[in-house]
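Q: model this:
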Amino acid sequence: MLTDQQLMQYSRHLMLPEVDVAAQEIWLNSKVLIVGLGGLGSPVALYLAAAGIQTLVLVDDDQVELSNLQRQIIHQQSEVGAYKAESAGRQVERINPETQVICIAERLAGESLQQCVSEVDLVVDCTDNFATRHALNRACVAHQTPLVSGAAIRFEGQISVYDSRDAASPCYRCLYPEDARVEQNCSTSGVFSPLVGIVGTIQAAEALKVLAGIGESLTGRLLLVDALRMDWRTMKLQKDPQCPVCGSEKG
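A: Purely as a prediction, here's the structure:
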């Protein structure tokens, strides 16, 4: 049952027939893991908190640097030198004091990663390295936790949803073999500052849709954006039956 304050705070959601009280209550009882509180994680954390997600687990072992502020809008100059997870947590609490924040200023791996994924309703991957992305993907498949993945570099971004609860859904490994690409990130290649906001905001939208089961998610599709031309494309993704992570013929 929504309180009077919540009815007012989320009134613009409640006006949407697809949302109404049912979806808002789901968000108010959801726990989401956000890995990476940089350019992508900034809008994800802000919008999920504003939407009323009950608990946000914020994970990032990096510290805020001056060069981050060009695009990582959740951080302020006064936070330079602070851990990003803790800086982001303070801003989330300002946006919505009712959202519970768990800050983890370390790199998740092994058993700690598995445990974190098993305890949440959804994971949002906002990282910038393939090793972490593949580790998150394996954990999400193992625990059948939906994964919302985004990436942005230079002027190009992409978003998809990998939901192992759906037998037809591919996983991240179906699309990207672990040894198939050279590592690239914003530190070495640059990035257009609004691009990470575009991609991160779409990740937040997909997370909310998947949690509430509304609309049509990007499961089985890859959304590509070229911000230099503002060109959008969608590619259909197929599950790899021989995928070593999720395939029916793995091993």
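
Q: lowest confidence element among the helices and strands of the protein?
A: helix 186-189 (a mean of 68; mean pLDDT, DSSP states H and E).

Q: just how off-centre is the helix or strand following that one within its chain?
A: Downstream of helix 186-189, the first helix or strand assigned by DSSP states H and E is helix 193-212. Chain-centre distance of helix 193-212: 7 Å, with C-alpha atoms, centre = their mean, to the nearest Å.

Q: report all helices and strands that helix 193-212 contacts.
A: On a contact count with 3 or more C-beta pairs under 8 Å, 6 or more residues apart in numbering; DSSP states H and E, helix 193-212 meets helix 20-27, helix 41-51, strand 122-125, strand 147-153, strand 156-162, strand 221-226. To be clear about C-beta, it is placed using only N, CA and C from the backbone, and glycine gets the same treatment.

Q: per-residue confidence averaged over that helix?
A: Summarised as a single mean, pLDDT over helix 193-212 is 98.

Q: angle of that helix against helix 41-51?
A: Helix 193-212 runs at 40 degrees relative to helix 41-51, counting by axes from the mean of the first three to the mean of the last three C-alpha atoms, to 10 degrees.

Q: what comes up buried for helix 193-212?
A: Judged by neighbour count using 16 or more other C-beta atoms under 10 Å, the buried positions of helix 193-212 are 195-212.

Q: the inter-axis angle of that helix versus strand 156-162?
A: 10 degrees.

Q: could you list the buried residues of stretch 163-173?
A: 163-164, 169-173.

Q: need the residues you listed in JSON lines with secondary structure, can you?
A: Output for the buried residues of stretch 163-173, formatted as JSON lines (DSSP: H, G, I helix; E, B strand; the rest coil):
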{"residue": "163", "secondary structure": "coil"}
{"residue": "164", "secondary structure": "coil"}
{"residue": "169", "secondary structure": "coil"}
{"residue": "170", "secondary structure": "coil"}
{"residue": "171", "secondary structure": "coil"}
{"residue": "172", "secondary structure": "helix"}
{"residue": "173", "secondary structure": "helix"}
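
Q: residue 67: which of these is nearest?
A: residue 172 (27.8 Å; C-beta to C-beta).

Q: list the contacts for that closest one?
A: Going by C-beta atoms under 8 Å, 6 or more residues apart in numbering, residue 172 touches 125, 133-134, 136-137, 147, 149, 162.

Q: and the residue most central in space within the chain, how far is that from residue 90?
A: Using C-alpha atoms, centre = their mean, the residue of the chain that lies closest to the mean C-alpha position is residue 124, 2.3 Å off. Here the criterion is C-beta to C-beta, to the nearest Å. By it, residue 124 lies 19 Å from residue 90.

Q: for residue 38, same thing?
A: Taking C-beta to C-beta, one finds residue 38 at 16 Å from residue 90.

Q: more crowded one of the two?
A: Each of residue 38 and residue 90 has its neighbours counted (other C-beta atoms under 10 Å); residue 38 has more, 25 against 15.

Q: counting neighbours, what do you get for the residue lying closest to that one once chain neighbours are set aside?
A: Distance criterion C-beta to C-beta, 6 or more residues apart in numbering; nearest residue to residue 38, sequence neighbours excluded, is residue 72 at 5.1 Å. Number of residues near residue 72 (other C-beta under 10 Å) recorded here: 27.

Q: three-state assignment of residue 72?
A: Going by three-state DSSP: residue 72 is coil.

Q: contacting residues for it?
A: Counted by C-beta under 8 Å, 6+ apart, residue 72 has contacts 37-39, 41-42, 64, 84, 196.

Q: equivalent analysis for residue 13, please.
A: 19, 23-24, 51-52 are the contacts of residue 13 under C-beta under 8 Å, 6+ apart.

Q: check which helix or strand covers it.
A: Counting by DSSP H and E, residue 13 is found in helix 11-14.

Q: buried residues of stretch 98-117, list them for me.
A: By 16+ other C-beta under 10 Å, the buried positions in stretch 98-117 come out as 99, 101-105, 107-108, 113-114, 116-117.
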